[in-house]
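# Provide a 3D model corresponding to the input given below.
(chains A and B)
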Amino acid sequence: MSQRIVGERLAGARASADRVRPLIRNFCIIAHIDHGKTTLSDRLLEVTGTLATRDMEAQVLDSMDLERERGITIKAHPVTLAYRAADGRTYELNLIDTPGHVDFSYEVSRSLSACEGALLVIDAAQGIEAQTLANFYLASEAQLDIIPVINKIDLPSADPDSVISDVEDTLLIERERCIKASAKEGIGIMNILEAIVAQVPPPKGNSEHLRALVFDSHFDPYRGVICYVRVRDGELTAGTRIRSMAGDQVFEVLEVGTFRPHMQPAQKLDVGDVGYVIANIKAVSDIAVGDTLTGSDHPAHVMLPGYRKVTPMVYCGLYPNDGGDYTDLREALEKLKLNDASLSFEPESSIALGFGFRCGFLGLLHMEIVQERLEREYGLSLIATSPSVVYHVRVTNGEQMAIDNPARLPPPPSIAAIEEPYVKCSIITPSDYIGPIMDLCQTRRGTMVSMDYLSPQRVLFVYELPLAEVIIDFFDQLKSRTKGYASMDYELVGYKEGDLVKLDILLNGESVDALSFIIHRDKAPTWGRLLAERLKEVIPRQMFDVPIQAAIGNKIVSRETVKAMRKNVLAKCYGGDITRKRKLLERQKEGKKRMKQVGNVELPQEAFMAVLRLDRDS
Amino acid sequence: MKFRDEAGCYVHIPFCDRICPYCDFAVVRFQEARVKRYLDALHAEIAAAPSRGRRIDTMYIGGGTPSTLSADAIRELLQGLFTKFEVGPGTIECTLEANPSRDKAELELWRAAGANRLSIGVQSLDDQELRRLGRTHSAAQALEFVRAARSAGFDNLSLDLIAGAPNQSIASFDRTLNMALECAPPHLSVYGLQIEPQTPYAAWQRRDPSAFPDDDAVADFLEHAEGLLTGAGYRHYEISNFARPGYECAHNLKYWRQSDCFAFGMSAAGYESGLRYRNLRDYGEYCDAVEARRSPREEEERLSAPRRVGEAAVLALRTADGIENEDFSRRFGVDPRSFFADACKKCSAVGLLEVDELGARLTARGRLLANTVCAEFLLPTPSL
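The predicted structure follows:
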């Protein structure tokens, strides 16, 4: 993150800015989850007449079903609001929505750098949360003008004044700048709009040498990739040839336009404008988020700062339950990839599961979303192996390897060292739960970096934790140990060596590669035992005893047995029972199809996720 | 010309003095008015049915509790059926299901009406277990009833017993079996208790699973019963049925042979030339339909040829004879050895099936795990 800050500051110190757009304001809304970002967006659209109330599906901007169900925004959709301000002039306010989850923090940073200002929405009852802080820091780094909005003041439990005091103390923003609002009740909305006009600086830029920041994109099956751009310098018009500076590809612009809120073609996009570009781009992976578009004929020399190649943090294997669906799975992944540049996949095979794909994700939520979309939208039945981070392994001959699949870990004698990724994790909690949180972080091999009281009732912890410990059940544990009050945010800080071993699971004496995972040596015996116990619960009884063993190398650390099934016969089968029995057996056979045959053992899908569901802690 | 067995005939009498807490059959509480309406409908249904010139050689009056009916009602019912199918009383197997709650005089009247086999709902010979099973009789009454049946002329009788009753132990189950053997019935049915959803037992089991012997314990019970009864000279001729030679239930064998069976009464299920059908399950709906001269059938399913073979295999596997190659070739024109090759291989490999040149049948372990075996045979991969 620190590299990014330096980059942004240098960019901010641009020498010449000969073009100012006094009637444009570019802003975004940032908030902790559930603090009311989407409701406020909807309200702004409504009061500026961008969308009549009757046209509004509740929460317009979150358009994917999954996003709506989870109450989070994954994709950012910009929209231009026309607002006639108190000064009598009509401004174009470009609202750039931002993803609301830590998995997408790079995307958030790109959206932020397309703006000059940010509304920081804080729940008047909940106060400052981890993502409030994380987003605030990101916005400050992007040098945005920040307007705090204390939302939900209509709630009986709201305490706006104390939240404002916290804002003053923690974020060092004067209390006068806080706007009290209730997006739901429409309170304070005009104040917010006026503050945007008054406080967010108008965009400035150089009129020559086009530079446009791609801050998001989506794939349209008929028109190809629609890039969401913010023009920094120069102008974008249809017919010009553009070059992506990081991707180094040339495209011809077919159409430019703005979102009002639907796509509306325009003559051009000028300095400071936010809109879209259609340029016959085939897949979103051809034009990375954070890339800079410039003119092909008169290119700029320096691209806009902050670009980063997105690398997945979490991997898992995805396998079709029915081997015959392999091609369908590949096609579905390809289609998702058209619209999701951060998803990566490549073919792999597992002894237990056959042919499938190793897929890389930005984080656990991203992983769950992709799995769910594959199952729901493409009707696939999948087996997902437990998630893994990327380990850096140095083998004895000095070679370095990146291992994202525990099954591929070289045999222990040939390993010189294993490094694992660490994250800096910020946790904000009511002070009542200090003990449980320290306990959780300690069992997850965390090191405390700092602990600060934001107020007498609220504590900010910063821990360094192995990412592998965070992706497995950490968030749920955090929530359950704090009655849901704690919030967290994390970012990758680097790799550290650890005493890590591979824990193998043997079923009926055969190692099941898809169940292996990498874990700290000290925790391996306990986790081995817990996993064996859990597997015993989820593996149905078979025709023979199935021993379950957890092993580190050749050493068995735990053993359980699923006893052979003894009886399943239906007692009665007379006239009236025959059809019923036949249907029951047919259903039973269907159920069997959903089981995965591994060796001669039939495993349900849950078995492969068992490691994720080890509710208890070691 | 296809080989055809004689058909059977099933009649459902839904009435019970008391509904047992484990029962999910189509039953209604006994009430004079309800009985009258039902019997009228039943007679009307029988009268309206085309007999199709088919002969029957078994009749089975099941329920519910047919023995709740008056002797007159039973006589009229049987008379109607004998007339309909043009068979003489006493010439065919005619089973009546009965609970041990009637006296000798009544039993003699049933016998005179043409019933010649009784299936008696004894369930247990332990009074505590009987109470928990919601039964209205005691062990002593059950034994007395069996004696009365014998003296009324019912030599061919069967006792129903339950394995896995709440809080039943192998010791109490063993006592029940031995007491039953002392009556020397020519036929015994031993049913592993099945907890059906939406019965009081299902709720009880949810509340207190430990009240019920688990599947492993019931497997022990059933193995014990098999040892004891076969040792006493009974043949384990079907998964839940034991008989002295010649006393197998001819009617029930028809089900397992996939033979035709006409069915009358609410919820009754029949099979005629590849068509499975079932009457309306609800008392009121059934009576309404018949009174309005509508068909009381609720569902019909014509089995495709491969389904028929698969089903025939599943049914045959329940019996000691199992799938007989020659019989299947004759009935369906397929060789079971190739038609069920995969299933045979898979099930014999894990010791559930015994395969030889005559055919395939369940092993002792296979009888307890019949669902696993049957699922393999139900939908064989090759098509006809």
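# Please save the CA atoms from stretch B:71-82 in PDB.
In PDB, the C-alpha atoms belonging to stretch B:71-82 read as follows (Å, rounded to 0.1, in the frame of the first residue of the first chain):
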ATOM      1  CA  ALA B  71     -69.300 -60.900  11.100                       C
ATOM      2  CA  ASP B  72     -72.300 -60.000   8.900                       C
ATOM      3  CA  ALA B  73     -70.300 -57.300   7.100                       C
ATOM      4  CA  ILE B  74     -67.500 -59.700   6.600                       C
ATOM      5  CA  ARG B  75     -69.700 -62.300   5.200                       C
ATOM      6  CA  GLU B  76     -71.400 -59.900   2.800                       C
ATOM      7  CA  LEU B  77     -68.100 -58.600   1.600                       C
ATOM      8  CA  LEU B  78     -66.600 -62.000   1.000                       C
ATOM      9  CA  GLN B  79     -69.800 -63.200  -0.600                       C
ATOM     10  CA  GLY B  80     -69.700 -60.200  -3.000                       C
ATOM     11  CA  LEU B  81     -66.100 -61.000  -4.000                       C
ATOM     12  CA  PHE B  82     -66.700 -64.800  -4.500                       C
END
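# Can you give the contact residues for it?
The contact list for stretch B:71-82 (Cβ atoms under 8 Å, 6 or more residues apart in numbering or on different chains) reads B:9, B:11, B:35, B:39, B:42-43, B:46-47, B:59, B:61, B:66, B:69, B:88-89, B:94, B:96, B:106, B:109-110, B:112-115. C-beta coordinates here come from the backbone N, C-alpha and C atoms, glycine included.
# secondary structure class for the residue most central in space within chain A?
Of all residues in chain A, the one closest to the mean position by Cα atoms, centre = their mean is residue A:103, 2.8 Å from it. Secondary structure of residue A:103, reduced to three states by DSSP: H, G, I helix; E, B strand; the rest coil: helix.
# Just list the residues touching it, thanks.
A:313, A:361-366.
# got the residue ranges for the helices in the stretch 501-618 of chain A?
Remark: helices assigned in the stretch 501-618 of chain A by DSSP state H, counting those that start in this stretch are A:524-538, A:578-593, A:605-609.
# cool, the stretch 251-384 of chain B as well?
Counting by DSSP H, counting those that start in this stretch, the segments of the stretch 251-384 of chain B that form helices are B:283-291, B:305-317, B:325-332, B:336-339, B:341-349, B:364-368, B:370-378.
# and residue B:18, what is it in contact with?
B:29, B:134, B:136.
# at 7 Å what do you get?
Counting by Cβ atoms under 7 Å, 6 or more residues apart in numbering or on different chains, residue B:18 touches B:134, B:136.
# how close does it get to residue B:133?
11 Å (Cβ to Cβ, to the nearest Å).
# What of residue A:156?
56 Å.
# Looking at the two, which one has more neighbours?
Neighbours per residue (other Cβ atoms under 10 Å in any protein chain shown) separate residue A:156 from residue B:133, with residue B:133 holding more: 21 against 5.
# shouldn't residue A:434 be in contact with residue A:461?
No: counting by Cβ atoms under 7 Å, residue A:434 does not reach residue A:461; the two are 8.2 Å apart.
# Looking only at neighbour counts, state which of these two leads.
residue A:461 (22 against 15).
# Isn't that one up against residue A:451?
Yes: taking contacts as Cβ under 7 Å, residue A:461 lies within contact range of residue A:451: 5.3 Å.
# tell me, what's touching the two both at once?
Shared contacts of residue A:461 and residue A:451 (Cβ under 7 Å, 6+ apart): none.
# List, one by one, the residues from chain B near chain A.
Contact residues, chain B versus chain A (Cβ under 7 Å from any Cβ of the partner chain): B:10, B:191-192, B:194, B:215-216, B:218-219, B:239-240, B:252, B:255, B:261, B:263, B:267, B:269-270, B:276, B:278, B:301, B:311, B:314-315, B:318, B:350, B:367-372, B:374-375, B:378-379.
# In space, what's closest to residue B:270 - neighbours in sequence excluded?
Closest residue to residue B:270 apart from its sequence neighbours, by Cβ to Cβ, 6 or more residues apart in numbering or on different chains: residue B:263 at 3.3 Å.
# What does the pLDDT read for that neighbour?
Note on residue B:263: pLDDT of 96.
# again with the one 4 residues further on
Note for residue B:267: predicted pLDDT of 97.
# Report the contact partners of it.
A:576, B:12, B:26, B:278-279, B:281.
# And for residue A:313?
Residues counted as contacts of residue A:313 (Cβ under 7 Å, 6+ apart) are A:362-363, A:389, A:467, A:492.
# Check these for burial and list the buried ones.
Those of those that meet the buried threshold are A:362-363, A:389, A:467, by 16 or more other Cβ atoms under 10 Å in any protein chain shown.
# and the residue in the stretch 251-400 of chain A positioned nearest to chain B, how many residues sit next to it?
Nearest residue of the stretch 251-400 of chain A to chain B, counting by Cβ to the nearest Cβ: residue A:324, 14.7 Å away. Residue A:324 has 8 neighbouring residues, counting by other Cβ under 10 Å.
# which residues does it contact?
Here residue A:324 is in contact with no residue (Cβ under 7 Å, 6+ apart).
# and it, backbone torsions?
With angles defined as degrees, to the nearest 10, residue A:324 sits at phi -70, psi -20.
# next one: residue A:242
phi -120, psi 160.
# what are the bridge partners for it, then?
Here residue A:242 sits in beta bridges with residue A:251, residue A:295, going by DSSP bridges.
# check contacts around it.
Counting by Cβ under 7 Å, 6+ apart, residue A:242 makes contact with A:251, A:253, A:279, A:293-296.
# run the last query once more with 10 Å
Applying Cβ atoms under 10 Å, 6 or more residues apart in numbering or on different chains, we find residue A:242 in contact with A:210, A:212, A:227, A:229, A:236, A:249-253, A:277, A:279, A:292-297, A:299.
# quick one: it and residue B:78, what's the gap?
From residue A:242 to residue B:78 the distance is 94 Å (Cβ to Cβ).
# Same question for residue A:525.
73 Å.
# repeat for residue A:82
Applying Cβ to Cβ, the value for residue A:82 to residue B:78 is 90 Å.
# between the two, which one's more packed in?
Ranked by neighbour count (other Cβ under 10 Å), residue A:82 and residue B:78 place residue B:78 first, with 20 against 13.
# Which parts of the stretch 101-250 of chain B are strands?
Listed in chain order, the strands of the stretch 101-250 of chain B (DSSP state E, counting those that start in this stretch) span B:117-123, B:157-163, B:187-192, B:235-238, B:241-243.
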